[in-house]
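S.K.: Here's a sequence, model it:
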Amino acid sequence: MDNHKLDAFKELLGTLKKIVIIPHKNPDGDALGSCLALQLFLTKSAHTAVVISPNEYPEFLCWMPNQEEIIKFSKSPDQSHLLINDADIVFTMDFNQLNRIDYMSSIVSNCPAKKVMIDHHENPGDYAALTYSDSERGSTCEMVFELIYALDASLIDASIATCLYTGMMTDSGSFRFPSTTARTHQIISILIEKGAQPHTIHQKIYDTFSFDRLKLLGTTLNNMKKIEGLPVVYMTLSQKELDDNQFKKGDTEGFVNYGLSLLGIRLAVIMIENTSEKIIKMSFRSKGTFDVNQFAKKYFNGGGHINAAGGISSTSLENTVTQLRNSIENEKSQFDV
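M.R.: As a prediction, the model looks like this:
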């Protein structure tokens, strides 16, 4: 973070404020970790800060420090609306377009509070009065660490360190994605010194599969297909398959990475049917130079990062598979085969 940006944050937080902190819809470890770490820091700095999530989040994140105080807009819309309208500052975390918070977008857009964006995705929107955006960072938690460390490193305790470590770990694929840098590991070292316990955090995130979730993973892998002649695999999950395995929010988190773990595979895609929203949710993961951010934008109304992105399809699961295969055929020159 440059000195000009840091000075802007110091001025903004120079007097006590009422602050609302918001992650994107269906928040993941990075979204929740960055929100909770910032809330804990601001509270220790004597501000009044509350996290409002658009909706529920996965059970495997429900152990995180202070998460029990998160207000869910989907359950408490009136309370959320009042808090947002009464806030001096609204922080939006780990997203850069207001449509990522669903029904909350118009409330945030119209509220009198000063909007602040902290995010690591490409192509940030222009809704915020103060934007801290860095698409070269592996996670929003890494950026929040830099902010907190510059403002007052002495306030980083075990709870803040745990939240930040969780987001950095989950968004980096346990520090194996290309966005992991020497600075990432320097930050992790500091967080461990501050009280984060890597083995405990890893166990709580990755070693808490339910029996149904593991069966759902088996179904997903059984549905995996490879596109002949290309280093590409895709997986599908129908609504019936989800229902048969008692699907709960977050159960499919990380499933797409199993495809990318195959030797020689450079692109993995998962397509998940959601009949209630009448969409197919898609996740893309790649290795090397295949840009899934641009691919998702071009074909599936999505986006994200070069090697990790999401998208949606409004047609059937079967038609989405056909569209995916055709789209990959159009871009096969990128694989140099």
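S.K.: From here on, just use CA atoms for contacts and neighbour counts.
M.R.: OK.
S.K.: in the helix or strand where residue 186 lies, what's buried?
M.R.: Per DSSP states H and E: residue 186 is located in helix 182-193. Neighbour-count burial for helix 182-193 flags 184, 187-188, 191 (criterion: 16 or more other CA atoms under 10 Å).
S.K.: would you turn those into a markdown table with pLDDT?
M.R.: Compiled in a markdown table, the buried residues of helix 182-193 are given as follows (pLDDT from 0 to 100):
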| residue | pLDDT |
| --- | --- |
| 184 | 98 |
| 187 | 98 |
| 188 | 98 |
| 191 | 98 |
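S.K.: sorry, back to before: can you tell me which helices and strands the helix holding residue 186 packs against?
M.R.: The helices and strands touching helix 182-193, judged by 3 or more CA pairs under 8 Å, 6 or more residues apart in numbering; DSSP states H and E, are helix 140-152, helix 158-171.
S.K.: hey, C-alpha coordinates of the last one in PDB?
M.R.: Spelled out, that is helix 158-171. What follows is helix 158-171, C-alpha atoms only, in PDB (Å, rounded to 0.1, in the frame of the first residue of the first chain):
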ATOM      1  CA  ALA A 158      -4.400 -14.400  18.000                       C
ATOM      2  CA  SER A 159      -8.000 -13.900  16.900                       C
ATOM      3  CA  ILE A 160      -7.100 -11.400  14.200                       C
ATOM      4  CA  ALA A 161      -4.200 -13.500  13.100                       C
ATOM      5  CA  THR A 162      -6.400 -16.600  12.900                       C
ATOM      6  CA  CYS A 163      -9.000 -14.800  10.700                       C
ATOM      7  CA  LEU A 164      -6.300 -13.500   8.300                       C
ATOM      8  CA  TYR A 165      -4.400 -16.900   8.100                       C
ATOM      9  CA  THR A 166      -7.700 -18.600   7.300                       C
ATOM     10  CA  GLY A 167      -8.500 -16.300   4.400                       C
ATOM     11  CA  MET A 168      -4.900 -16.400   3.000                       C
ATOM     12  CA  MET A 169      -4.800 -20.200   3.200                       C
ATOM     13  CA  THR A 170      -8.200 -20.900   1.600                       C
ATOM     14  CA  ASP A 171      -7.800 -18.400  -1.200                       C
END
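S.K.: still on that earlier bit, ranking the helices and strands packed on helix 182-193 by burial, who's on top?
M.R.: helix 158-171 (a mean of 25; mean count of other CA atoms under 10 Å).
S.K.: Name the nearest residue to residue 130, ignoring sequence neighbours.
M.R.: Once flanking residues are discounted, residue 130 sits nearest to residue 116: 4.8 Å by CA to CA, 6 or more residues apart in numbering.
S.K.: dump the residue contacts of residue 151.
M.R.: When contacts are counted by CA atoms under 8 Å, 6 or more residues apart in numbering, residue 151 touches 6, 10.
S.K.: roughly how far apart are it and residue 41?
M.R.: 10 Å (CA to CA, to the nearest Å).
S.K.: With residue 134 instead?
M.R.: According to CA to CA, residue 134 stands 21 Å off from residue 41.
S.K.: who has more neighbours, these two?
M.R.: Per other CA atoms under 10 Å, whichever of residue 134 and residue 41 has more neighbours is residue 41, with 22 against 18.
S.K.: Ramachandran coordinates for that one?
M.R.: phi -70, psi -50 (degrees, to the nearest 10).
S.K.: Can you give me the neighbour number for the residue nearest to it when sequence neighbours are not counted?
M.R.: Leaving aside its sequence neighbours, residue 41 sits nearest to residue 155 (CA to CA, 6+ apart; 6.7 Å). Using other CA under 10 Å, residue 155 has 16 other residues around it.
S.K.: on that earlier part again, show me which of the buried residues of helix 182-193 is closest to residue 277.
M.R.: The closest of the buried residues of helix 182-193 to residue 277 turns out to be residue 184 (CA to CA; 36.9 Å).
S.K.: which residues does that closest one contact?
M.R.: With CA under 8 Å, 6+ apart, residue 184 has these contacts: residue 142.
S.K.: Next one: it from residue 143, what distance?
M.R.: 10 Å.
S.K.: can you check residue 89 too?
M.R.: Taken as CA to CA, the span from residue 89 to residue 143 is 18 Å.
S.K.: repeat for residue 223
M.R.: Counting by CA to CA, the gap from residue 223 to residue 143 is 37 Å.
S.K.: Identify the bridge partners of the residue nearest to residue 130.
M.R.: Under DSSP bridges, the beta-bridge partners of residue 116 are residue 91, residue 130.
S.K.: for it, what are its contacts?
M.R.: Contacts of residue 116 (CA under 8 Å, 6+ apart): 89-92, 128-132.
S.K.: Which parts of this protein belong to which domain?
M.R.: 3-206, 211-335 (automatic domain parsing).
S.K.: now do the same end-to-end measure for the longest one.
M.R.: Across domain 3-206, the terminal residues are separated by 38 Å (CA to CA).
S.K.: again with stretch 144-158
M.R.: Using CA to CA, first and last residues of stretch 144-158 are 15 Å apart.
S.K.: lowest-pLDDT helix or strand in this structure?
M.R.: Every helix and strand of the chain was ranked by mean pLDDT, DSSP states H and E. The lowest is strand 303-304, at a mean of 89.
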